[in-house]
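> Okay, predicted coordinates and the sequence, questions at the end:
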Amino acid sequence: PPEFSQAIVETAYNQNDSFVPLTDNTPVTGNGMTFNVDETTPWGSSGIKAYWDNEAGAATDSKGKFGPASLRLKKLTALVPLTEEMLSDSTAISAYVQRKVPEAIAFKTNEALWSGSGAGKPKGFYAATGLLVSVAKETSQVADTIVAQNISKMRARMAARSYRRAIWCVNNDALPQLDNLLFATTATNQVIYNPNGGRYGYGTILGRDLMVTDFNETVGDKGDIVLLDWGMYRTITKAGGIETATSMHFWFDRGITAFRSVFRIDGQPGIVNPVTPNKGSNTLSPIVILEAR
């Protein structure tokens, strides 16, 4: 029989960037949590308000307006059976599985936080169609392009407090279009995209970090570039993180050892609707997308 190498050749793919740490995350010891949600604004018609009062005059009261939002943990499982022969022939197998399983869990978790239906998995940020704010393409804009006006208008549709935490998420196919903004002839475009540095290695757009994801649509399609504030997405996770277990009894008669990992999480956007600003009519949202071109 052939000998097994102690090293395992892997593909270049490796999921490093998890969305979970970017969210408003709360570890829980139970199975769920209910949050009070306040979607009012200081200038709106409801919620807590402040009023100017005359000296010695009666104060005007106001009441908080809360809507409960409940999250209940969903279970994500990775079950990996390995034969006794594989385990004895290659000592690298066990360490390999313990490394690859978290990568698989991270990918499926990211996928759910991005576009999950909410049925048996988290409600995805991008799937919250009532919360999305869409920016239309420019008049006569060439197909499959991203231009400076797209970027500027997307930023304008995000609330100031969200923009301080926001990141840009794009498809790989969009990167050449961003390079066009860097190498454009006018000095104004020079500062829109900086391909150097950034938290994720792809630089920054208007000072905010750029992340390339596996979930953005290809360039030219709706959602190829998204500006979002993960701090306005709420998650709960089971305290203790990923639970792991190994059993040689599950398939004992077949000489198979089972490696099982379970990650429990739920999530949904922190608000349901875009915010109407104090001045102006363009609504603001923690997630802004660009329409198809």
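Perfect, thanks for sending it.
> my guess is F107 is in a helix, correct?
Yes - assessed by DSSP: H, G, I helix; E, B strand; the rest coil, F107 belongs to a helix.
> ok, it touching D214?
Yes - using C-beta atoms under 8 Å, F107 is in contact with D214, at 7.4 Å. Every residue, glycine included, has its C-beta placed from N, CA and C.
> Over to the nearest residue to D38 once chain neighbours are set aside: give its phi and psi.
Leaving aside its sequence neighbours, D38 sits nearest to F66 (C-beta to C-beta, 6 or more residues apart in numbering; 5.6 Å). F66 adopts backbone torsions of phi -120, psi 150, taken as degrees, to the nearest 10.
> repeat for L22
Dihedral pair for L22: phi -80, psi -20, per degrees, to the nearest 10.
> count of residues packed around the nearest residue to it once chain neighbours are set aside?
The shortest distance from L22 to any non-neighbouring residue, by C-beta to C-beta, 6+ apart, is to W230 (3.6 Å). The number of residues packed near W230 is 22, by other C-beta atoms under 10 Å.
> W230 and T34: what is the separation?
According to C-beta to C-beta, to the nearest Å, W230 stands 21 Å off from T34.
> ditto for N180
47 Å.
> out of the two, which sits in the busier spot?
N180 (15 against 10).
> for that one, what are its contacts?
145-146 (C-beta atoms under 8 Å, 6 or more residues apart in numbering).
> got the residue ranges for the strands in the stretch 151-293 of the chain?
167-170, 193-194, 204-205, 208-212, 225-228, 233-238, 243-251, 256-269, 287-290 (DSSP state E, counting those that start in this stretch).
> among those strands, which gets the worst mean confidence?
Between the strands of the stretch 151-293 of the chain, the one with the least mean pLDDT is strand 243-251; it has a mean of 78.
> And for that strand, what's in contact with it?
Against strand 243-251 from outside (C-beta under 8 Å, 6+ apart): 81, 98, 101, 256-264.
> before we move on, the earlier item: so for the residue nearest to L22, what's the pLDDT?
97.
> That one contacts C169, correct?
No - using C-beta under 8 Å, W230 is not in contact with C169, being 9.6 Å away.
> dump the residue contacts of the closest residue in space to Q149 that isn't next to it in sequence.
What sits nearest to Q149 in space, not counting adjacent residues and going by C-beta to C-beta, 6+ apart, is E138, at 5.2 Å. By C-beta under 8 Å, 6+ apart, the residues touching E138 are 147, 149-150.
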